[in-house]
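In: need a structure here:
(chains A and B)
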Amino acid sequence: QKEVEQDPGPLSVPEGAIVSLNCTYSNSAFQYFMWYRQYSRKGPELLMYTYSSGNKEDGRFTAQVDKSSKYISLFIRDSQPSDSATYLCAMKNTNAGKSTFGDGTTLTVKP
Amino acid sequence: GAVVSQHPSWVICKSGTSVKIECRSLDFQATTMFWYRQFPKQSLMLMATSNEGSKATYEQGVEKDKFLINHASLTLSTLTVTSAHPEDSSFYICSASTGLAGGRGTDTQYFGPGTRLTVL
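Out: Numbering: from 1, shown residues only, chains lettered A, B, ... in the order given. Predicted structure coming up:
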């Protein structure tokens, strides 16, 4: 069983929709949680970085962490065609350590 | 924001030759750099972690003699694929870690744009 499981998708939504991307994990030692966006043939770009449980908002993006359920989510409001990409969740035990990545969810936002 | 560059972005080589990929942190010092491999429509596979001035730590199943990593300075790490074969064709991505001194109180990984290697 993988340490990090990510909803595989692909996901296709109309422009303006609210998107929910999710990951579950099994390692209770994970404390730092990240979401990356990766466009085709490009390196991942850090979107959100959260520590422990709670919500964090940045513009149209909201990251949610529920450590009791070992479940994290990324919400995208008012989705745009430019949001079309693969989204990767990642998490790690310590502040300065290697991250474990999910397999990614490919999102397509149709105009 | 922190910028990480990779060079070359795309390389084609003949089977049996060696290829060197450079990863540079342009506006910050990176004590730790990570090298990943990514196959089409698959996630990132961590190959090794390198710290400046010390030997890289390789993940299980990664041949250290085939994938040579050098982290000579706080801004440069190189990955050399030795005696490349077609099965080594992949997308190689590096990331550089800001460390806790990055000013944000958190250690953040910034990724390079990747290098697409095709071995004929």
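
In: spit out the contact partners of residue 13.
Out: As the question left the chain open, I've gone with chain A. In this structure, residue A:13 makes contact with A:19, A:79, A:107, A:108, A:109, A:110, judged by CB atoms under 8 Å, 6 or more residues apart in numbering or on different chains. Where C-beta positions appear, they are placed from N, C-alpha and C, glycine not excepted.

In: can you look at chain B instead?
Out: B:19, B:84, B:117, B:118, B:119, B:120.

In: for the helix or strand hosting the third one, packing partners?
Out: Of the helices and strands defined by DSSP states H and E, residue B:117 is found in strand B:115-119. Applying 3 or more CB pairs under 8 Å, 6 or more residues apart in numbering or on different chains; DSSP states H and E, one finds that strand B:115-119 makes contact with strand B:10-13, strand B:19-25, strand B:90-97.

In: please identify the most buried of the ones you listed.
Out: Sort those by mean neighbour count, taking mean count of other CB atoms under 10 Å in any protein chain shown, and strand B:90-97 sits at the top with a mean of 25.

In: any bit of the next helix or strand after that strand sitting next to chain A?
Out: Helices and strands here follow DSSP H and E; after strand B:90-97, the next one along the chain is strand B:109-111. Yes: using CB under 8 Å from any CB of the partner chain, strand B:109-111 reaches chain A at B:109, B:110, B:111.

In: how about stretch B:52-59?
Out: No: Stretch B:52-59 lies out of reach of chain A by CB under 8 Å from any CB, never closer than 8.9 Å.

In: end to end, how far does that stretch reach?
Out: Using CA to CA, to the nearest Å, one end of stretch B:52-59 lies 18 Å from the other.
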